[in-house]
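> Let me see the structure of the following:
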Amino acid sequence: MFLETAISLVGGLADGFSLYDSVSTLFKGDKNKKLLEQMNCHLERISDNMLLAGDYKGVTDTTKAQQNQITNPREVRQLLEPLQHVTNEEIISSALINTPDKMINAMDGNPWEVLHNITPAVFAQQPNDPTMVPVMFEHGGTRYIGWQKKGTLPILFNCELHDLSQSHLPPPVIRSKPETRWQPGKVFCDAPFAPEMVVIPAGKFMMGTDALEIKALKKQYGVDYFEREHPQHEVTISKPFAMGRYAVTRGEFKIFVDATGHKMPDEMVIYEDSKWEMRKGRSYRNPGFAQSDDHPVVGVSWEDAQAYIRWLNGKTGQTYRLPSEAEWEYACRAGSDTPFWCGGTISTDQANYDGNYPHNGPKGEFRKKTVPVESFEPNPFGLYQLHGNVWEWCDDWYGDYKKGHQTDPQGPSSGSYRVFRGGSWSFFARILRSANRGGDSPGSRGSDLGFRLLRQPS
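Model prediction:
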């Protein structure tokens with residue numbers, strides 16, 4: 001069965017082709033056409049003088065569970081000789097492609113770190129698609145690098161192939177403008193195990209709640225804690241930054257715990273039987289309700305989040321941290337000046353909270369647990385669930401706001417509590433407002449408490 005799709009390539013390389021429809025023009029003669037049909041393989045052009053052959057003579061994609069019995073590179077190349085003779089071009093087989101697991105042996109180290117430390121990889125920028133993995137292959141004694149869509153065949157390279165032996169590099173193809181990664185709305189992922197990030201532009205906003213609205217809220221709900229959102233003040237965020245599209249997931253956090261052996265107590269504060277209390281036998285692995293790897297991790301203290309960040313920074317060579325309280329509210333508002341980014345009220349079709357207690361709207365559902373991080377509509381910055389689902393730790397110590405305009409405020413230099421924001425699945429709608437503030441001791445863990453990352457520009 002021949003490939004029937006067009007392949008999009010970069011760097012001015014030739015377009016992909018449908019082998020079956022192009023035999024008469026690409027390969028001349030009925031004899032060659034018959035030979036190609038007998039070979040029954042997929043072909044893709046991956047450079048101006050090189051083709052990629054897959055599913056040829058039983059040589060299958062190296063990412064498939066059933067590995068082919070032919071593993072000797074010399075045998076594979078011998079099998080490719082007839083095809084190379086027909087096409088009169090260089091041929092590389094998917095069986096010769098090294099995915100990250102094989103690259104560990106081939107390159108004597110962590111393949112991800114190696115690819116980012118060798119000079120040509122500067123131009124082989126990681127694609128936005130988190131399912132792409134770095135690949136390397138050798139041909140004629142030369143090593144090349146590219147990107148492969150994980151677990152699929154045909155193999156797709158979305159960057160120009162680079163000869164790792166060259167001392168003089170080709171001009172950049174993908175990263176011709178290094179600053180393009182930091183264009184607002186740009187989505188990227190630094191590593192397969194790293195959270196997906198989106199670029200947030202610099203700008204200004206009014207942080208907190210004005211006095212008239214606080215007065216109205218106190219009258220409506222009969223509580224005084226809204227005062228902590230005052231005084232409202234203008235804040236300038238002077239530089240773009242990247243924010244996690246989602247709260248860090250249970251799956252992402254588990255990779256860190258398994259890699260480092262990070263220890264956490266087997267107890268935390270949970271909401272069960274209509275009350276909050278400390279329970280043994282509860283942790284991020286068992287928070288008291290069912291979770292899958294695409295749910296936000298819970299039961300994570302501010303200190304646990306810092307340990308995760310140190311590990312991630314070490315693995316990627318980038319600078320991740322928790323957002324400041326000002327950065328968090330700026331990202332949450334996404335240009336809005338209403339209680340929620342979506343307007344003056346919010347529903348349980350837009351966020352996960354206790355729908356028995358709405359804010360200026362009808363009652364809704366109370367799910368009593370987290371939901372997957374990609375649930376509901378993102379805000380205009382492309383961020384999911386800043387309202388509800390889990391509280392999110394911020395970097396700041398908790399303290400009173402200062403009056404007047406501030407640029408990139410970082411909060412007090414010391415304190416007893418660290419800030420968290422956003423409300424959670426267990427709280428009322430009014431607690432989900434963009435300006436609402438919460439906090440607890442850095443070692444606190446709860447079944448509705450997680451975190452989201454910020455990444456600084458390189």
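> do you know how far the nearest residue to P323 once chain neighbours are set aside is from N360?
Spatial nearest neighbour of P323, excluding adjacent residues (C-beta to C-beta, 6 or more residues apart in numbering): L454 at 4.1 Å. Bear in mind the C-beta positions are built from the backbone N, C-alpha and C, glycine included. As defined by C-beta to C-beta, to the nearest Å, L454 lies at a distance of 31 Å from N360.
> how about A259, what does it touch?
Residues in contact with A259 (C-beta atoms under 8 Å, 6 or more residues apart in numbering) are W311.
> State whether it is indeed within a strand.
No. Counting by DSSP: H, G, I helix; E, B strand; the rest coil, A259 falls outside a strand, being helix.
> Look up how far T316 lies from it.
Taken as C-beta to C-beta, the span from A259 to T316 is 13 Å.
> hmm, back to that, more neighbours: which of L454 and N360?
L454 (22 against 13; other C-beta atoms under 10 Å).
> Is that one in contact with P240, as I believe?
No. Using C-beta atoms under 8 Å, L454 is not in contact with P240, being 11.1 Å away.
> would you put the C-alpha positions of the host helix or strand of E277 in PDB?
For E277, the host element (DSSP states H and E) is strand 275-280. The C-alpha trace of strand 275-280 is given here as PDB (Å, rounded to 0.1, in the frame of the first residue of the first chain):
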ATOM      1  CA  LYS A 275     -15.500  18.700  56.000                       C
ATOM      2  CA  TRP A 276     -11.800  19.500  55.700                       C
ATOM      3  CA  GLU A 277      -9.300  17.500  57.900                       C
ATOM      4  CA  MET A 278      -5.900  15.900  57.900                       C
ATOM      5  CA  ARG A 279      -6.100  12.300  56.700                       C
ATOM      6  CA  LYS A 280      -3.300   9.600  56.700                       C
END
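> Would you mind checking the average pLDDT for stretch 263-274?
If you average the pLDDT over stretch 263-274, you get 90.
> contacting residues around the residue nearest to V235 when sequence neighbours are not counted?
Counting by C-beta to C-beta, 6+ apart, V235 lies nearest to M207, which is 4.6 Å off, once chain neighbours are set aside. Contacts for M207 were tallied using C-beta under 8 Å, 6+ apart; they are Q232, H233, E234, V235, A326, E329, Y330, Y401, A435.
> quick one: the third one from D304, how far?
What that stands for is E234. Distance from E234 to D304, by C-beta to C-beta: 34 Å.
> Quick check on those two: which one has the bigger neighbour count.
More crowded of E234 and D304, by other C-beta under 10 Å: D304, with 24 against 13.
> pretty sure the more buried one is touching P442, no?
No. Using C-beta under 8 Å, D304 is not in contact with P442; the gap is 9.5 Å.
> buried ones in stretch 347-365?
Residues of stretch 347-365 classed as buried under the neighbour-count rule (16 or more other C-beta atoms under 10 Å) are S347, T348, Q350, A351, N352, Y353, D354, G355, P358, H359, G364.
> Redo the residues you listed as a markdown table? Include distance to W391.
A markdown table is the format used below for these (distance: C-beta to C-beta, whole Å):
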| residue | distance to W391 |
| --- | --- |
| S347 | 20 |
| T348 | 17 |
| Q350 | 18 |
| A351 | 13 |
| N352 | 12 |
| Y353 | 11 |
| D354 | 14 |
| G355 | 18 |
| P358 | 19 |
| H359 | 17 |
| G364 | 19 |
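> Would you reformat those residues as a markdown table and include pLDDT and distance to W425?
Shown next, in a markdown table, are those (pLDDT from 0 to 100; distance: C-beta to C-beta, whole Å):
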| residue | pLDDT | distance to W425 |
| --- | --- | --- |
| S347 | 97 | 14 |
| T348 | 98 | 10 |
| Q350 | 97 | 13 |
| A351 | 98 | 9 |
| N352 | 98 | 5 |
| Y353 | 98 | 6 |
| D354 | 97 | 8 |
| G355 | 97 | 10 |
| P358 | 97 | 15 |
| H359 | 97 | 16 |
| G364 | 97 | 12 |
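> With distance to Y225 and secondary structure added, can I get these in TSV?
Listed next are the buried residues of stretch 347-365 as TSV, based on distance: C-beta to C-beta, whole Å; DSSP: H, G, I helix; E, B strand; the rest coil:
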residue	distance to Y225	secondary structure
S347	23	coil
T348	23	coil
Q350	23	coil
A351	20	coil
N352	22	strand
Y353	17	coil
D354	17	coil
G355	21	coil
P358	18	coil
H359	14	coil
G364	23	coil
